[in-house]
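1. output the structure for:
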Amino acid sequence: MGDQANKQIILKNYVNGFPTESDMKVRNVAIELKLPEGSTGVLVKNLYLSCDPYMRNRMSDVKGSYVPSFTPGSVITGYGVATVIDSGRADLRKDDLVWGVTGWEEYSLIAAAETLTKIQHTEDIPLSYYTGILALPGLTAYVGFYNICSPKKGDTVFISAASGAVGQLVGQYAKSFGCYVVGSAGSDEKVNLLKNKFGFDDGFNYKEEHDLDAALKRYFPNGIDIYFEQVGGKMLDAVLTNMRLNGRIAVCGMISQYNLEESEGVHNLLKLVHKRIEMRGFLVFDYYHMYPKYLETILSQLRDGSIVYVEDIEEGLENAPKALIGLFHSRNVGKQVVVVARE
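-> The predicted structure follows:
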């Protein structure tokens with residue numbers, strides 16, 4: 001086939017504080033669009049890339065994290081959807097569609113091909129959904145709500161970062177389970193989305209609330225049974241004072257803390273004792289065995305319209321840095337996806 005130009009996004013340097021687009025750059029290299037003889041890897045053309053908050057931690061030299069840091073000067077990696085060009089894996093052939101860990105580049109040679117999952121359902125489902133609702137963000141919402149939160153009909157549920165890839169689904173699961181659901185988001189547009197698209201009972205723009213404790217008391221006068229935590233810091237502190245007896249907190253992430261050189265302290269942790277609150281962090285990777293069951297369930301719900309899903313699409317690999325940075329400034333509305341190519 002010969003060499004092919006391959007546009008890449010690389011991390012220039014480790015980042016302290018808020019990352020900027022200038023911490024990344026576009027690089028053009030050549031790639032041979034054929035696997036080396038005897039390779040067990042997979043060569044793919046990337047179509048859609050996922051922008052996820054956890055990627056921020058990988059931009060710093062963090063020790064002991066559940067995922068390794070990126071290497072400055074190397075291609076950024078993350079989850080994406082791709083089409084197979086050449087394969088050393090017996091179960092993957094040319095033109096098969098896959099999702100899994102890939103590079104932020106036009107073409108990727110994936111040595112750890114076991115990280116790729118073949119896509120079977122494409123006829124009526126957008127391929128981009130395999131960066132979110134049909135991949136790990138969707139499974140995160142499913143596991144977090146049903147397994148970690150132990151919901152009961154009639155529970156009061158609060159979700160922070162509620163319009164994002166995970167929060168929008170948690171809210172819909174909670175409503176279908178018979179719960180009262182309120183979410184917080186970073187703009188009035190997102191709050192309207194919560195109420196009018198996802199069916200939340202209510203929502204508020206946290207940027208317009210000077211007193212989060214008072215805001216939560218306004219929406220939950222009798223307290224919160226379940227908190228789906230994605231923000232941390234001051235939001236978590238306020239929630240702790242408003243939890244009900246035997247409440248449950250599922251800790252999915254803490255996006256407000258990712259860009260701080262020193263994390264904010266949480267002052268109300270004694271409420272965990274007084275109110276017998278169960279607060280549990282989790283990683284979706286521990287529940288990957290549930291993916292086949294989840295996929296069957298969510299495909300049915302998407303097809304019958306009982307679950308809806310919103311994406312924020314950024315066109316062009318060169319715009320991937322802008323899309324990723326936007327996560328930390330609440331610019332995205334829905335799941336942030338970057339389109340590298342559509343076929």
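2. in the stretch 51-200 of the chain, which spans are helices?
-> Using DSSP state H, counting those that start in this stretch, the helices found in the stretch 51-200 of the chain span residues 136-143, 167-176, 188-196.
3. sorry, wrong one. I was asking about the stretch 201-343 of the chain.
-> Under DSSP H, counting those that start in this stretch, the stretch 201-343 of the chain gives helices at 212-219, 233-242, 271-274, 291-304, 320-326.
4. re earlier: compare the helices of the stretch 51-200 of the chain and give me the one nearest Glu278.
-> Proximity to Glu278 (CB to CB) singles out helix 136-143 among the helices of the stretch 51-200 of the chain, at 15.6 Å. For glycine as for every other residue, the C-beta is placed from the backbone atoms N, C-alpha and C.
5. got CSV for the helices of the stretch 51-200 of the chain, with distance to Asp61 and mean pLDDT too?
-> Formatted as CSV, these follow (distance: least, CB to CB, whole Å; pLDDT from 0 to 100):
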stretch, distance to Asp61, mean pLDDT
helix 136-143, 24, 97
helix 167-176, 29, 98
helix 188-196, 33, 97
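6. out of the helices of the stretch 201-343 of the chain, which is closest to Ser60?
-> helix 320-326 (14.0 Å).
7. next, the buried residues of the closest one.
-> Judged by neighbour count using 16 or more other CB atoms under 10 Å, the buried positions of helix 320-326 are 320-326.
8. of the residues you listed, just say which sits nearest to Asp52.
-> Among the buried residues of helix 320-326, and counting by CB to CB, the member closest to Asp52 is Leu324, at 8.6 Å.
9. surely the closest one meets Met55?
-> Yes: Leu324 is within contact range of Met55, at 6.4 Å (criterion: CB atoms under 8 Å).
10. nearest residue to Met279 other than its sequence neighbours?
-> Ile249 (4.1 Å; CB to CB, 6 or more residues apart in numbering).
11. about what we covered before: closest to Thr297 out of the helices of the stretch 51-200 of the chain?
-> Among these, helix 136-143 comes nearest to Thr297, with 7.7 Å by CB to CB.
12. packing partners of the closest one?
-> Contacts defined by 3 or more CB pairs under 8 Å, 6 or more residues apart in numbering; DSSP states H and E place helix 136-143 against helix 167-176, helix 291-304.
13. pretty sure Ser184 contacts Gly164?
-> No: Ser184 is beyond contact range of Gly164, at 11.1 Å (criterion: CB under 8 Å).
14. need the helices of the stretch 201-343 of the chain in TSV with distance to Ile125 and mean pLDDT, can you?
-> Compiled in TSV, the helices of the stretch 201-343 of the chain are given as follows (distance: least, CB to CB, whole Å; pLDDT from 0 to 100):
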stretch	distance to Ile125	mean pLDDT
helix 212-219	34	98
helix 233-242	34	97
helix 271-274	41	97
helix 291-304	7	95
helix 320-326	22	97
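15. show me what contacts Val42?
-> Shown in contact with Val42 (CB atoms under 8 Å, 6 or more residues apart in numbering): 35, 84, 86-89, 92, 98, 109-110, 113, 116.
16. next: Asp237.
-> Contacts of Asp237 by CB under 8 Å, 6+ apart are 212, 266-268.
17. kindly provide the distance from it to Gln120.
-> 44 Å (CB to CB, to the nearest Å).
18. got it, and Phe328?
-> For Phe328, the distance to Gln120 - CB to CB - is 34 Å.
19. whichever strand in the chain runs longest packs against which elements?
-> Assignment by DSSP state E gives strand 77-87 as the longest strand of the chain. For strand 77-87, the packing partners by 3+ CB pairs under 8 Å, 6+ apart come out as strand 42-50, strand 97-103.
20. pretty sure Thr241 contacts Leu270?
-> No: between Thr241 and Leu270 no contact is recorded; they are 10.3 Å apart, counting by CB under 8 Å.
21. which one of these two is surrounded by more residues?
-> Using other CB atoms under 10 Å, the more surrounded residue of Thr241 and Leu270 is Thr241, with 16 against 9.
22. ok, back up a step: would you turn the helices and strands packed on strand 77-87 into JSON lines with mean pLDDT and distance to Val157?
-> Below are these laid out as JSON lines (pLDDT from 0 to 100; distance: least, CB to CB, whole Å):
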{"stretch": "strand 42-50", "mean pLDDT": "97", "distance to Val157": "26"}
{"stretch": "strand 97-103", "mean pLDDT": "97", "distance to Val157": "29"}
